[in-house]
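Visitor: predicted structure and sequence below. I'll ask about it afterward.
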Amino acid sequence: MVLSSLYHTFECHASNKVAETCFSLDILGITVGLMATYLSGLYYAFYCEPNWRDFYLLTVGGIFVLATSIQFIPAKCLFESGKKMI
């Protein structure tokens, strides 16, 4: 919630870079909150099955980490690499 309040405070900042950074941090906070909620549910749902529990925790945790890391790649880098491929 702290990161979200920072974003909404500095959303109208004169610098576009500051606003984009605050937005990325807001998305990071939302992602971490969702990940914590989802992983705790998986942990208790598969409490009696440790092998399946570990499998699901690692799989879902890896997907969250991948999605979060993609958020911090600048969009222009993604589009430039796509143009080179075409």
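Guide: On my side now, so go ahead.
Visitor: what lies in contact with the host helix or strand of Y7?
Guide: Here Y7 sits within helix 2-10, counting by DSSP states H and E. With Cβ atoms under 8 Å, 6 or more residues apart in numbering as the contact definition, helix 2-10 has outside contacts at 18-19, 22-23, 25-26, 28-30. No exception for glycine: its C-beta is placed from N, CA and C like everyone else's.
Visitor: from A67, how far out is Y43?
Guide: 20 Å (Cβ to Cβ, to the nearest Å).
Visitor: and the longest helix along the chain with helix 2-10, angle?
Guide: In the chain, ranked by residue count with DSSP state H as the criterion, the top helix is helix 16-45. If you take axes from the mean of the first three to the mean of the last three Cα atoms, to 10 degrees, helix 16-45 sits at 160 degrees to helix 2-10.
Visitor: in helix 16-45, what's buried?
Guide: 21-23, 25-27, 29, 35, 38, 42 (16 or more other Cβ atoms under 10 Å).
Visitor: nearest to E11 among the residues you listed?
Guide: E11 lies nearest to C22 out of these, by Cβ to Cβ, at 6.9 Å.
Visitor: so the closest one sits right up against S15, yeah?
Guide: No - counting by Cβ atoms under 8 Å, C22 sits too far from S15 to count as a contact (10.2 Å).
Visitor: circling back: including pLDDT and distance to L57, could the contacts of helix 2-10 go into a markdown table?
Guide: Below are the contacts of helix 2-10 laid out as a markdown table (pLDDT from 0 to 100; distance: Cβ to Cβ, whole Å):
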| residue | pLDDT | distance to L57 |
| --- | --- | --- |
| V18 | 79 | 36 |
| A19 | 77 | 35 |
| C22 | 80 | 30 |
| F23 | 82 | 29 |
| L25 | 83 | 25 |
| D26 | 84 | 26 |
| L28 | 85 | 20 |
| G29 | 87 | 21 |
| I30 | 87 | 20 |
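Visitor: output the below-cut-off pLDDT ranges for this protein.
Guide: By pLDDT under 70, the low-scoring segments of the chain are 13-14, 74-86.
Visitor: ok, now with 80
Guide: Along the chain, the model assigns pLDDT under 80 to residues 1-4, 6-20, 71-86.
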